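# Got a sequence here, can you build the structure:
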Amino acid sequence: MPVLMPRVLRAELNRLLLMATPLIGAHILQMGNGLVDTLVAGQLGREALAAAGIGAAVWFIVALSCIGMLGSLSPVISRMRGQGRQLEIGSVIRQGLWLAAIWGTFALILIFLLANVLERVGISEELVPSINDYLGAAAWGLPAIALLTAARNVCEATGLTRPVLMVQVLGLMVNIVADLGFGLGWFGLPALGLEGIGWATSIVMICMAAALLFLLSQKGFKRFQIYRYWEWPKLQTQRHLLSLSIPICLAILFEAGLFTATSVQMGVLGVLPASAHNIAIGVTSFCFMLPLGLSAALTARVGQSFGRRSMPSVKLRLVAGIIGVVVMASCTALLLFLLRKWLPSLYTTDVPVQKLAAQMLIFAAIFQLSDGLQVVMLGALRGLHDTKMPMLINGFSYWVIAFGLGYYLAHFTALGAFGLWIGLVVGLTISFILLSLRLRVVLKYQETQMQSAVQHA
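Prediction:
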């Protein structure tokens, strides 16, 4: 078996990491955009900082729906590449861009609808005008982020991931200038405050989308002739993309919703737990970018092997992905544990908050492995076009197990804030186990189908 040959496995791991590294870098730089927004908002005062946090959270959830709804492009295109259907890929990309334009417009409308109900959900009346200012400006970047996501999926599926990193570097530079300019009035620009930060977000997304869409016409992508032909949306292709995208979108929202709900529960427990949790989860989010980038690359690699109907190749790439994420997770877990007392000091000088955050980082170190493995399992299953059952597994693991157990331990035992973190650890572990079992079933089924096809040929 090829998976047992060290040389073959090492070569595949190198190819996977070469493809994943720009994606990892892009994810980290993307988080840098949020950090810049927060730092600039902090210069505007406590009220602006609070409003920016709430507004960004609302915008982020809607943006995630755009990312999820375009998530089918990578597995579909990579499978077509494996099948040798190169001439049809351009049409699928064009249909993906139509889906991005349609969903991006829907997301734009959804943001304005959400902005109108902020007072009804209990948000302080003092913050609502500032939040609306931010959302009213940032909303116009949502169609662009949908188009950007579609273009990123094309890069991932074709293995040409460097443009993604290049565009993200451009985005961070534009964001710094736009935030300082429109937020604080630097460079002779009007100081629009929080609204200016919102406009900076839209400008960044539009610039990044335009840059990456332009790069899709350059060397490496020309063979797909993406912009050579015009075509209207095709119902059959849209249905196929949505059949994979809707479960992917819901799975992403389940996970994002869990961490949002956990942060809310920390706020219920008090200011100290909420502050410490925000630090610990912020540090953990940076660590998560490593397996997330690897997972995206693995989706494309597995999808291409799946298209070739080569199960040995699928297994080889899966083993390479598992080895890669185990090494990554072991390193981040060790760093979190060793630096748990120092990292919180970068965020605050409040000693009680530092101590509690340091304790929470121990739990973060514990779930590095299960969190990394579950996202890699998800990536492999998406490459095999299996998205509905993973969505259900995520919903059960995160909301029944993680949130249910965490809520009980936090509110009905003496564990308090640690109970919520225990829920996260258990939920992510259950998710990894169930996704592993699902992957085993899918691999066995596909292997049987391929053997049957060979016998009947």
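# Contacts only, for L369.
Residues near L369 by CB atoms under 8 Å, 6 or more residues apart in numbering: 326, 329-330, 333. For the C-beta atoms, the positions are set from N, CA and C on the backbone; glycine is no exception.
# buried subset of the residues you listed?
Among the contacts of L369, those classed as buried by 16 or more other CB atoms under 10 Å are 329, 333.
# Pick out whichever of the contacts of L369 sits closest to V271.
A333 (28.6 Å; CB to CB).
# need the contact list for the closest one.
365-366, 368-369.
# 7 Å instead, please
Neighbouring residues of A333 by CB atoms under 7 Å, 6 or more residues apart in numbering: 365, 368-369.
# Which of these fall within helices?
Members of the contacts of A333 lying in helices (criterion: DSSP state H): 365, 368-369.
# got those residues as a markdown table, with distance to Q95 columns?
Putting the ones in helices among the contacts of A333 into a markdown table (distance: CB to CB, whole Å) gives the following:
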| residue | distance to Q95 |
| --- | --- |
| A365 | 43 |
| Q368 | 38 |
| L369 | 38 |
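# Among the residues you listed, which one lies nearest to A115?
Nearest to A115 among the ones in helices among the contacts of A333, with distances taken as CB to CB, is Q368, at 36.6 Å.
# Need the nearest residue in space to that closest one, chain neighbours excluded.
A333 (3.9 Å; CB to CB, 6 or more residues apart in numbering).
# Could you do L212 as well?
L212 sits nearest to A151 (CB to CB, 6+ apart), 4.1 Å away.
# what's the answer for M328, then?
Using CB to CB, 6+ apart, the nearest residue to M328 is L290, at 4.6 Å.
# do the same with I28
Nearest to I28 is M289, by CB to CB, 6+ apart, at 5.0 Å.
# Looks like the residue nearest to L212 contacts S217 (just checking).
No. Assessed by CB atoms under 7 Å, A151 is found out of contact with S217, at 10.8 Å.
# which one of these two has more residues nearby?
Higher neighbour count among A151 and S217: A151, with 30 against 13, using other CB atoms under 10 Å.
# what's the distance between the more buried one and A210?
10 Å (CB to CB, to the nearest Å).
# and if you look at T262?
Distance from T262 to A210, by CB to CB: 36 Å.
# can you check L335 too?
L335 is 37 Å from A210, by CB to CB.
# since we're on S345, how many residues are nearby?
Residues near S345, counting by other CB under 10 Å: 16.
# Tell me which residues touch M328, please.
290-291, 294, 372.
# How about the secondary structure of R309?
At R309 the chain is in coil, as set by DSSP: H, G, I helix; E, B strand; the rest coil.
# residues near it, how many?
15.
# R317 too?
Neighbours around R317, by other CB under 10 Å: 28.
# That one reaches S305, doesn't it?
Yes. Between R317 and S305 there is a contact under CB under 7 Å: 5.9 Å.
# Does anything pack onto the helix or strand of the chain with the lowest mean pLDDT? Which helices or strands?
Least confident element among the helices and strands of the chain, by mean pLDDT, DSSP states H and E: helix 46-69 (a mean of 84). Counting contacts by 3 or more CB pairs under 7 Å, 6 or more residues apart in numbering; DSSP states H and E, helix 46-69 is packed against helix 6-42, helix 86-115, helix 128-138, helix 142-158, helix 194-215, helix 235-269.
# mind listing what's buried in the second one?
The neighbour-count check on helix 86-115 (16+ other CB under 10 Å) flags 89-100, 103-104, 106-108, 110-111, 114-115 as buried.
# Same question for the shortest one.
Buried positions in helix 128-138, judged by neighbour count with 16+ other CB under 10 Å: 128, 130-138.
# who touches that helix?
47-48, 51-52, 54-55, 58-59, 111, 115, 118-119, 194-195, 197-199, 201-202.
# among those residues, which ones are buried?
48, 51-52, 54-55, 58-59, 111, 115, 118, 194-195, 197-199, 201-202.
# can you list the weak-confidence ranges in the stretch 1-150 of the chain?
1-5, 46, 119, 121-124 (pLDDT under 70).
# now swap in the stretch 251-400 of the chain and tell me
For the stretch 251-400 of the chain (pLDDT under 70), the answer is none.
# re the thing from before, with distance to W342 added, can I get the helices and strands packed on helix 46-69 in JSON lines?
Converted to JSON lines, these look like this (distance: least, CB to CB, whole Å):
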{"stretch": "helix 6-42", "distance to W342": "18"}
{"stretch": "helix 86-115", "distance to W342": "38"}
{"stretch": "helix 128-138", "distance to W342": "33"}
{"stretch": "helix 142-158", "distance to W342": "34"}
{"stretch": "helix 194-215", "distance to W342": "30"}
{"stretch": "helix 235-269", "distance to W342": "22"}
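# G282: which of these is closest?
helix 6-42 (8.9 Å).
# For that closest one, which helices and strands make contact with it?
helix 46-69, helix 162-178, helix 194-215, helix 271-307, helix 311-338.
# buried sites along the longest helix anywhere in the chain?
Longest helix in the chain by number of residues (criterion: DSSP H): helix 417-456. Going by neighbour count (16+ other CB under 10 Å), the buried part of helix 417-456 is 417-436, 438-439, 442-443, 446.
# can you check stretch 232-247 too?
Those would be 237-238, 240-241, 244-247, for stretch 232-247 by 16+ other CB under 10 Å.
# Pick out whichever of those sits closest to L18.
So of the buried residues of stretch 232-247, ranked by how close each gets to L18 (CB to CB), first place is L244, at 26.1 Å.
# Now that closest one: closest residue in space that isn't a chain neighbour?
S72 (3.6 Å).
# these two touch, right, that neighbour and R239?
No. S72 lies out of contact with R239 (CB under 7 Å); the separation is 10.9 Å.
# returning to what we had before: and of the helices and strands packed on helix 46-69, who's closest to L64?
Between the helices and strands packed on helix 46-69, helix 235-269 lies closest to L64; by CB to CB that is 5.5 Å.
# and the gap between the closest residue to G42 other than its chain neighbours and K315?
In this structure, G42 finds its nearest non-sequential neighbour in L49, 5.1 Å apart by CB to CB, 6+ apart. Remark: distance between L49 and K315 (CB to CB) = 49 Å.
# Could you tell me how far the nearest residue to A57 once chain neighbours are set aside is located from G404?
Excluding the flanking residues, the one nearest A57 by CB to CB, 6+ apart is T260, at 6.8 Å. Computed as CB to CB, the T260 to G404 distance reads 16 Å.
# Also A157?
Taking CB to CB, one finds A157 at 37 Å from G404.
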